[in-house]
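**Student:** Predicted model and sequence follow; I will ask about them next.
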Amino acid sequence: MTSFGVHDTPMQELFGEAVFAAFDDADVGPDEVEALYFGNAMGGQAENTTHLGPQVATHIGMAGKPVQRFEDACATSANAFKNAVQAVEAGIHDVVLVGGVERCTPETGKDTDEMTRIFASASNRQYEQPTGLTFPGVFALLTKRHMHEYGTTEEQLAHVAVKNHGHGALNPKAHFGKETTVEEALDGPVVADPFRLMDCCPFSDGASAVVVVSDDLADSFDDPVDVSGVGHATDVVPLADKEQVHVTQSARDASAEAYGQADITAEEIDFAEVHDCFTGAEILASEALGLVEDGQGGVAAAEGRTRRDGDIPINASGGLKAKGHPIGATGTAQIVELTEQVRGEAGDHQLDGVERGVAHNLGGDAGTTVVSVLEARP
Amino acid sequence: MSTQDDIELPETLSYHDWAAAVREDRLLGQSCEECSHVGGVPSGACQQCGSRDLTTVELPTEGTVHTETTINVPPEGFEERGYQVAVVTLGDARVMVRIEGEHVDIGDDVVLSGFIDTDEDHPAPTFETAD
């Protein structure tokens, strides 16, 4: 993956940087790779660029090979990953490339209000957008209900931000490399209450890519990591019609599917990368994945249970909050992080003795969630 | 002008029916004949059971706040800031609305007050405190 942050680089070049690193890591080239599963969510709106699949394939020397492009808001490249894994499992392909790219910063020429409107396009056009809803607003609505149900506090939200900024400070690829404090987080300007500036992930540019190979071929590669489960579920949109807005049901359904495939329970997971687009989203995800008890997500964050030295480390990379969130690149960036952690190659932010991790990537108001389990190959 | 009682509810609820009703200070939803789920906005099939046997229903215009937020960083096209968006419970349905007037909290009673259509003529219902 590229560093996440601000890149004055066209999307195909950004993607190329991530792909060539993945090619070199796997010691493959475009000849051996049979297909590209590609994620980009908003290039049409943000950069007037559609039909990006063959353009990026050309840049990486894969013109001629089939490319399928995925758009599922923030879950874009996790959905690409799921489809790639299924295609390889089904025997359609043996070696495929999966990745995503996005530019969301003002380098696109779009200011905050324009990009806020583009992001809001993932909510319902007729029944949500006309209220002036934004994406911080979407997750504020979910989180406010969680606070009402369980007594989750703004200070607990701030602890998530402090934790993830602390983690991001150890990750050279993170958008934000600076630690913060609860006091600083609680002093920031309100974006959509209960979220202040430090509760929100940034607009980021970046790309990520991984190579997926069949089980039969895996041992001919250096240091393969097993994908033992990928679950994918949707939920009702618009969010007012969800059965319970604070439970993120699609994450519960997707994780049950993924854990079933991997034949594990949540207690057997060593660490997680979850979709903390907002601090509240991490709290909801930690509960939906079964990593902490329902209602205890905020308490667990405040007690340090989800810190890198806690009993269930969450977002050791810094998460979307500090690592950054280039929409279409986020899903496969989580897969890169899980792979490096399981291999023991995560550098300064390496966790001790982790063998099995889970990635949680959601789209929209959790209308889509993809959950993936990766583990050391026995 | 027709009164509410004169208006025949459409057999199949479309967005255009729903939007026209919002402009007349009315809210239409759908009740499922199979599972009795009530959806707050038009859908082709029941969100709970998938049945297409849906009956258009008039939703109550008074209800309670289910969740809410105040948006201080608006999208392009919404010039003001600091407006409140809420999900309100209306009988068996929930609907996303804009709150007008004084701030409301979860559990507060609210009543339909009209609509805004500042977003390319897409109407959104507005509610205000019932106190």
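**Tutor:** Ah, there it is.

**Student:** any chance you could map the helices in the stretch 251-378 of chain A?
**Tutor:** Along the stretch 251-378 of chain A, counting by DSSP state H, counting those that start in this stretch, helices occupy A:279-288, A:297-303, A:319-323, A:327-343.

**Student:** how about these in CSV, adding mean pLDDT and distance to residue A:262?
**Tutor:** From N, CA and C alone the C-beta is placed, and that goes for glycine too. As requested, the helices of the stretch 251-378 of chain A are exported to CSV (pLDDT from 0 to 100; distance: least, Cβ to Cβ, whole Å):
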stretch, mean pLDDT, distance to residue A:262
helix A:279-288, 98, 17
helix A:297-303, 98, 23
helix A:319-323, 98, 22
helix A:327-343, 98, 13
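
**Student:** List just the one of these that sits closest to residue B:88.
**Tutor:** helix A:279-288 (20.5 Å; Cβ to Cβ).

**Student:** Just give me how far that closest one sits from the chain centre.
**Tutor:** Centroid displacement of helix A:279-288 relative to its chain, using Cα atoms, centre = their mean, to the nearest Å, is 13 Å.

**Student:** what sits against the spatially closest residue to residue A:13 that is not a sequence neighbour?
**Tutor:** Among residues not flanking residue A:13 along the chain, residue A:59 sits closest, at 7.0 Å (Cβ to Cβ, 6 or more residues apart in numbering or on different chains). Contact analysis of residue A:59 by Cβ atoms under 8 Å, 6 or more residues apart in numbering or on different chains lists A:12, A:13, A:15, A:16.

**Student:** Can you tell me which of the residues you listed is nearest residue A:123?
**Tutor:** residue A:15 (27.0 Å).

**Student:** What is the burial count for residue A:5?
**Tutor:** Counted with other Cβ atoms under 10 Å in any protein chain shown, the neighbours of residue A:5 add up to 18.

**Student:** Just to check, it is in contact with residue A:171?
**Tutor:** No: contact criterion Cβ atoms under 8 Å: residue A:5 and residue A:171 do not qualify, at 11.6 Å.

**Student:** Spell out which residues of chain A are next to chain B.
**Tutor:** Contacts of chain A with chain B, taken as Cβ under 8 Å from any Cβ of the partner chain, map to A:112-114, A:116-117, A:119-120, A:124-134, A:136-137, A:140-142, A:144-145, A:148, A:189-194, A:236, A:238-241, A:243, A:245.

**Student:** Residue A:148 contacts residue B:106, doesn't it?
**Tutor:** Yes: with contact defined as Cβ under 8 Å, residue A:148 reaches residue B:106; the gap is 4.8 Å.

**Student:** shared neighbours of the two, anything?
**Tutor:** Common neighbours of residue A:148 and residue B:106 (Cβ under 8 Å, 6+ apart) are residue B:67.

**Student:** hang on, the earlier thing: and the residues of chain A next to chain B, which of them are in helices?
**Tutor:** Among the residues of chain A next to chain B, the residues falling in helices (DSSP state H) are A:112-114, A:116-117, A:119-120, A:136-137, A:140-142, A:144-145, A:148.

**Student:** Could you identify the most distant pair in those?
**Tutor:** Pairwise over these, using Cβ to Cβ, the maximum falls at A:114 and A:148, 32.9 Å.

**Student:** got the domain boundaries for chain B?
**Tutor:** B:4-58, B:62-129 (automatic domain parsing).

**Student:** Could you point out which of those domains sits nearest chain A?
**Tutor:** domain B:62-129 (3.6 Å; Cβ to the nearest Cβ).

**Student:** chain center to stretch B:20-31: distance?
**Tutor:** The answer for stretch B:20-31 is 7 Å, by Cα atoms, centre = their mean.

**Student:** mind listing what's buried in that stretch?
**Tutor:** Using 16 or more other Cβ atoms under 10 Å in any protein chain shown as the test for burial, stretch B:20-31 gives B:21, B:22, B:26, B:27, B:28, B:29, B:30, B:31.

**Student:** Grab the nearest non-local neighbour of the fourth one.
**Tutor:** Once its chain neighbours are removed from consideration, residue B:27 has its nearest residue in residue B:59; the separation is 4.1 Å (Cβ to Cβ, 6+ apart).

**Student:** could you measure the one you found against residue A:240, distance?
**Tutor:** 12 Å (Cβ to Cβ, to the nearest Å).

**Student:** and if you look at residue A:180?
**Tutor:** 33 Å.

**Student:** quick one: which of the two has more around it?
**Tutor:** Between residue A:180 and residue A:240, counting by other Cβ under 10 Å, residue A:240 is the more crowded of the two (26 against 20).

**Student:** who's in contact with the more buried one?
**Tutor:** Neighbouring residues of residue A:240 by Cβ under 8 Å, 6+ apart: A:127, B:40, B:41, B:66, B:87, B:94, B:95, B:96.

**Student:** separation between it and residue A:131?
**Tutor:** 10 Å.

**Student:** By mean pLDDT, show me the worst of the domains of chain B.
**Tutor:** Per-stretch mean pLDDT for the domains of chain B is lowest at domain B:4-58 (a mean of 93).

**Student:** From the chain's centroid, how far away is it?
**Tutor:** Worked out by Cα atoms, centre = their mean, domain B:4-58 lies 11 Å from the chain centre.

**Student:** Show me the strands in chain B, by range?
**Tutor:** B:28-32, B:38-39, B:54-58, B:62-71, B:83-90, B:93-99, B:109-119, B:122-129 (DSSP state E).

**Student:** And the contacts of the longest one?
**Tutor:** The contact list for strand B:109-119, computed with Cβ under 8 Å, 6+ apart, reads A:129-130, A:132, B:22-23, B:25, B:27, B:61-65, B:77-78, B:86, B:88, B:98-101, B:104, B:123-131.

**Student:** For stretch A:30-37, C-alpha coordinates in CSV please.
**Tutor:** Extracted in CSV, the C-alpha atoms of stretch A:30-37 (Å, rounded to 0.1, in the frame of the first residue of the first chain):
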residue,chain,number,x,y,z
PRO,A,30,1.4,-9.1,-14.8
ASP,A,31,1.9,-12.2,-16.9
GLU,A,32,1.1,-14.6,-14.0
VAL,A,33,-1.8,-12.5,-12.7
GLU,A,34,-5.1,-13.6,-14.3
ALA,A,35,-7.5,-10.9,-13.3
LEU,A,36,-7.9,-7.6,-11.4
TYR,A,37,-10.6,-7.1,-8.8
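
**Student:** hmm, who's touching it?
**Tutor:** By Cβ under 8 Å, 6+ apart, the list of residues contacting stretch A:30-37 reads A:23, A:53, A:56-57, A:60-62, A:65-68, A:70, A:80-81, A:83-84, A:87, A:93-99, A:211.

**Student:** Show me what the most centrally placed residue in chain B is bridged to.
**Tutor:** Most central in chain B under Cα atoms, centre = their mean is residue B:95, positioned 4.2 Å from the mean C-alpha point. Assessed by DSSP bridges, residue B:95 has beta-bridge partners residue B:88.

**Student:** which bits of chain B sit near chain A?
**Tutor:** So far as Cβ under 8 Å from any Cβ goes, chain B lies against chain A at B:15, B:18-19, B:39-41, B:47-48, B:66-78, B:83, B:85-87, B:93-98, B:106-107, B:116-119, B:122-124.

**Student:** Buried ones among those residues?
**Tutor:** B:18-19, B:39-41, B:47-48, B:66-75, B:78, B:83, B:85-87, B:93-98, B:106, B:116, B:119, B:122-124.

**Student:** can you tell me which residues contact residue 98?
**Tutor:** I'll assume chain A. Applying Cβ under 8 Å, 6+ apart, the residues contacting residue A:98 are A:36-38, A:77, A:80-81, A:84, A:209-212, A:332, A:335.

**Student:** Sorry, I should have been clearer: chain B.
**Tutor:** The contact partners of residue B:98, taken as Cβ under 8 Å, 6+ apart, are A:131, A:132, B:83, B:84, B:85, B:86, B:116, B:124, B:125, B:126, B:127.
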